[in-house]
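Asker: Okay, here's the prediction I keep looking at, along with the sequence it came from:
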Amino acid sequence: MEKRRFALIGTGNRGTTMWGKDLLAGWREHVDLTAIVEKNSLRGERARNMIGSNAPLYENIDSMLAEQKPDLVIVCTPDHTHDDIVVRALESGIDVITEKPMTTSVEKIRRILDAEKRTGRRVDVSFNYRYAPTAAKIKELLNAGEIGRVTSVDFHWYLNTKHGADYFRRWHAYTENSGSLFVHKATHHFDLLNWYLDSDPESVTSFADLQNYGRKGPFRGPRCKLCPHTQECDYYLDLEADPFLDQLYEEPSKIDGYFRDGCVFREDIDIPDTMVVSLRYRNNVHVSYSLNTFQPIEGHHLAFNGTKGRIELRQYEAQPWEEPRQDTILLIRNFPNGKEAVERIVVPHFTGGHYGGDDRMRNMIFKPDLEDRLGQRAGTRAGAMSVLCGIAALTSSRTGKVVDIADLMPELANDGSPNSLRTSR
């Protein structure tokens with residue numbers, strides 16, 4: 001079987017591990033890394049060593065495309081740069097895998113959709129949460145009609161003070177780069193909802209504030225390494241204590257000025273850290289969603305309320321007490337009719353990122369002839385819809401108005417997809 005020749009674009013944490021070292025370690029019979037593109041030459045060199053590759057390094061995509069002509073590019077650069085790279089690759093006749101979110105604005109969504117349609121190439125969006133065994137099991141239960149017609153969903157995501165704070169140290173802390181965490185982080189969650197419910201969001205309303213980081217902080221410094229408040233700051237990050245981050249970012253920062261330990265209390269941070277959203281779907285499901293970024297726990301709570309019962313999950317990822325390495329889905333029936341009124345479905349935590357979701361996604365993309373019976377493989381429409389949810393939520397939080405998805409991008413909302421406006425109700 002012929003290997004797919006791929007180029008890795010961007011060598012941050014995700015590019016170096018998930019789509020670099022880990023991809024080659026587990027899927028070497030299916031892929032061959034032929035080039036690495038990283039504008040910071042020192043970071044690129046160190047990432048290449050971490051990956052264990054001798055692929056040539058390039059500082060821009062045009063030079064790489066001219067010399068290497070790969071079959072596939074994998075995009076792991078900051079969110080706001082995705083569209084330029086994706087479109088450039090598509091126009092060169094190359095398929096694309098892009099990290100989530102697919103992009104950050106309506107105009108950039110249009111660019112990608114137009115290029116994909118015009119070139120006939122394929123874009124995969126890295127929605128690995130769809131592949132997690134627990135998510136797959138919930139999707140099976142919903143598809144089987146175990147709780148009847150879903151009427152509402154409660155979905156609440158908690159980031160702890162290690163994970164959540166990290167977004168405010170980095171480029172993500174600015175709307176122009178990430179679209180805010182409504183786009184960068186919640187794109188995962190909005191995509192899960194769209195996939196679970198097999199429907200498009202119709203209307204979005206939201207509240208959001210910066211309540212803990214940025215200008216809300218009690219003090220600030222130039223960066224953690226040079227800060228006079230290291231002894232009193234709860235968010236101090238010692239880069240030297242993490243050899244991976246230190247090698248990938250500290251010395252390379254002399255080239256591009258990008259510090260991995262930026263102060264989480266920088267006064268120019270302009271994204272919210274506390275978010276709540278209400279969504280109405282075209283199939284008349286109502287959703288309550290929230291995201292909080294400074295909790296003592298990591299994980300989420302998810303519940304589907306239906307005409308015949310309820311599916312409930314409290315997933316533990318990190319917390320100051322011990323939990324079994326498994327998820328327990330509660331299937332609660334209104335009308336047991338000979339079945340258990342409460343069925344506890346235990347799903348063990350699997351090895352690999354996101355409880356095995358990363359591995360299953362790479363299998364689906366790279367191993368031939370795998371059946372996608374749950375529709376887990378995500379393309380540009382799924383990528384666009386999740387970003388539009390985030391854009392709508394951010395817009396609503398800033399204007400106080402309900403935002404209709406069809407007003408943001410009517411051509412996508414009415415494109416004839418089975419779950420679009422034109423074919424609903």
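Answerer: Done, it's in. As the structure is a prediction and not an experimental result, all values here were calculated from the model. Numbers count the residues shown, from 1 in each chain.
Asker: Show me how the protein divides into domains.
Answerer: Listed domain ranges for the chain are 4-126, 129-213+270-350+377-414, 218-256 (source: the TED database).
Asker: Quick check: pLDDT value at N414.
Answerer: Confidence at N414, expressed as pLDDT, is 73.
Asker: again with D268
Answerer: Looking at D268, its pLDDT reads 97.
Asker: now swap in R425 and tell me
Answerer: Confidence at R425, expressed as pLDDT, is 26.
Asker: thinking again about what came up before, with mean neighbour count and distance to D359 added, can I get the domains of the chain in CSV?
Answerer: All C-beta atoms are positioned from the backbone trio N, CA, C, and that covers glycine. Listed next are these as CSV, based on neighbours: other Cβ atoms under 10 Å; distance: least, Cβ to Cβ, whole Å:
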stretch, mean neighbour count, distance to D359
domain 4-126, 20, 7
domain 129-213+270-350+377-414, 19, 8
domain 218-256, 15, 20
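Asker: looking at these, which is closest to C263?
Answerer: Relative to C263, the nearest member of these by Cβ to Cβ is domain 218-256, separated by 5.0 Å.
Asker: where's the closest one relative to the chain centroid, distance-wise?
Answerer: Using Cα atoms, centre = their mean, to the nearest Å, the distance from the centre of domain 218-256 to the centre of the chain it belongs to is 25 Å.
Asker: for the host helix or strand of Y167, what is the average pLDDT?
Answerer: Per DSSP states H and E: Y167 is located in helix 163-169. When pLDDT is averaged along helix 163-169, the result is 98.
Asker: Same check on stretch 345-352?
Answerer: 91.
Asker: mind checking which of the domains of the chain is nearest D369?
Answerer: Evaluated over these, closeness to D369 peaks at domain 4-126, with 12.2 Å, by Cβ to Cβ.
Asker: avg pLDDT for that closest one?
Answerer: Over the span of domain 4-126, the pLDDT mean works out to 97.
Asker: what's the distance between the helix or strand just after the helix holding Y167 and the middle of its chain?
Answerer: Where DSSP H and E defines the elements, the next helix or strand beyond helix 163-169 is helix 175-178. Offset of helix 175-178 from its chain centre (Cα atoms, centre = their mean): 15 Å.
Asker: related to what we said a few turns ago, now the domains of the chain as TSV including distance to R360?
Answerer: Output for these, formatted as TSV (distance: least, Cβ to Cβ, whole Å):
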stretch	distance to R360
domain 4-126	11
domain 129-213+270-350+377-414	4
domain 218-256	25
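Asker: I'd like to know which of those domains lies nearest to D358.
Answerer: Proximity to D358 (Cβ to Cβ) singles out domain 4-126 among the domains of the chain, at 6.2 Å.
Asker: any idea how far that closest one is from the chain center?
Answerer: For domain 4-126, the gap between its own C-alpha mean and the chain's C-alpha mean amounts to 16 Å (Cα atoms, centre = their mean).
Asker: cool, stretch 204-215 as well?
Answerer: Relative to the mean C-alpha coordinate of its chain, stretch 204-215 is positioned 19 Å out (Cα atoms, centre = their mean).
Asker: Over to stretch 2-10?
Answerer: With Cα atoms, centre = their mean as the basis, stretch 2-10 stands 21 Å off its chain's centre.
Asker: The lengthiest helix in the chain: what's the following helix or strand?
Answerer: Ranked by residue count, the top helix of the chain under DSSP state H comes out as helix 380-399. Sequence order places strand 403-404 as the next helix or strand after helix 380-399, per DSSP H and E.
Asker: what about that following strand, average pLDDT?
Answerer: In the prediction, strand 403-404 has an average pLDDT of 98.
Asker: And the contacts of the helix holding Y167?
Answerer: Among residues not part of helix 163-169, those counted as contacts by Cβ atoms under 8 Å, 6 or more residues apart in numbering are 173, 178, 181, 184-185, 213-214, 224, 235, 237, 260-264, 266, 269, 271, 273, 292-295, 298, 318.
Asker: what's the answer for stretch 186-194, then?
Answerer: Looking at stretch 186-194 with Cβ under 8 Å, 6+ apart, the contacting residues turn out to be 100-102, 127, 129-130, 135, 153, 155, 157, 200-201, 275, 277, 279, 287, 289, 291, 378, 382-383, 385-387, 389-390, 393, 419.
Asker: circling back: in PDB, list the C-alpha atoms belonging to the helix holding Y167.
Answerer: Extracted C-alpha coordinates of helix 163-169, given in PDB (Å, rounded to 0.1, in the frame of the first residue of the first chain):
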ATOM      1  CA  HIS A 163      -5.400  23.900  31.700                       C
ATOM      2  CA  GLY A 164      -7.700  26.900  31.700                       C
ATOM      3  CA  ALA A 165      -5.100  29.400  32.700                       C
ATOM      4  CA  ASP A 166      -2.800  28.200  29.900                       C
ATOM      5  CA  TYR A 167      -5.000  29.800  27.300                       C
ATOM      6  CA  PHE A 168      -4.500  33.100  28.900                       C
ATOM      7  CA  ARG A 169      -0.700  32.800  28.800                       C
END
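Asker: gap between it and the chain center?
Answerer: Here helix 163-169 is found 15 Å from its chain centre; the criterion is Cα atoms, centre = their mean.
Asker: gap between A66 and S126?
Answerer: 26 Å (Cβ to Cβ, to the nearest Å).
Asker: surely D273 meets F294?
Answerer: Yes. Shown here, D273 and F294 form a contact pair, counting by Cβ atoms under 8 Å, at 6.5 Å.
Asker: re the thing from before, the contacts of stretch 186-194 in helices, which ones?
Answerer: Assignment to helices by DSSP H places the following of these there: 135, 382-383, 385-387, 389-390, 393.
Asker: so what does the helix or strand encompassing D114 touch, helix or strand wise?
Answerer: Assessed by DSSP H and E, D114 sits inside helix 106-119. In this structure, helix 106-119 packs against helix 82-91, helix 380-399, with contacts taken as 3 or more Cβ pairs under 8 Å, 6 or more residues apart in numbering; DSSP states H and E.
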